[in-house]
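Asks: Take a look and give me a structure for this.
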Amino acid sequence: MATYVPFTAGEFLTADKLNSRLIQELMEWTPISTIGSFASGFSAASHTPMMRKIKVLGAERWEYKGRITVAAATILPNTNTTGFTFNVGYRPTFEHGWMLTGGSTGFYGVRCTISTGGLLQFGVPTAAPNTTSGILFDGCYIDAPI
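Replies: Below you'll find the predicted structure:
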């Protein structure tokens, strides 16, 4: 594996050059609906759920943002529910998970996982009502996804 060198000795460095060398955008923010499909009961909200791919100091990172709308009674407590499936090329090599904020969950968090098969699954604890109305995807990322 080659060593990452952001700039060479003696090079005149500007802010633009420094930023472009430290962070590279491999795929701009893209609505996830164009790189996979929603399951029944799930859809894009007005704060469109999106994904982008970047490199930070030579290491790849996938970032996510936006809100996913959930139809009433779609996520049953203590059950994994598939909300979205990513197409090949947008699936990680290893499973990853996050705790997210959801709407109408009775202040319980939403468990979110993404599998190597591209399944984006959600769940709420047994004590949560089955009234989840949305899931905030902001701040989620995967470092070294492949």
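
Asks: Residue 108 contacts residue 126, correct?
Replies: No. Assessed by C-beta atoms under 8 Å, residue 108 is found out of contact with residue 126, at 9.5 Å. Bear in mind the C-beta positions are built from the backbone N, C-alpha and C, glycine included.

Asks: So between those two, which is more surrounded?
Replies: Taking neighbours as other C-beta atoms under 10 Å, residue 108 and residue 126 compare with residue 108 leading, 17 against 9.

Asks: Just give the closest residue to that one, not the sequence neighbours.
Replies: Closest residue in space to residue 108, ignoring its immediate chain neighbours: residue 128 at 3.9 Å, by C-beta to C-beta, 6 or more residues apart in numbering.

Asks: Contact partners for that neighbour?
Replies: Listed by C-beta atoms under 8 Å, 6 or more residues apart in numbering, the contact set of residue 128 reads 77, 105-106, 108.

Asks: pLDDT wise, what is it at?
Replies: If you check residue 128, the pLDDT there is 95.

Asks: Distance-wise, check it relative to residue 122.
Replies: For residue 128, the distance to residue 122 equals 11 Å [C-beta to C-beta, to the nearest Å].

Asks: now do residue 77
Replies: Counting by C-beta to C-beta, the gap from residue 77 to residue 122 is 11 Å.

Asks: okay, the two: which has more neighbours?
Replies: For residue 77 versus residue 122, the count of surrounding residues by other C-beta under 10 Å is larger for residue 122: 24 against 16.
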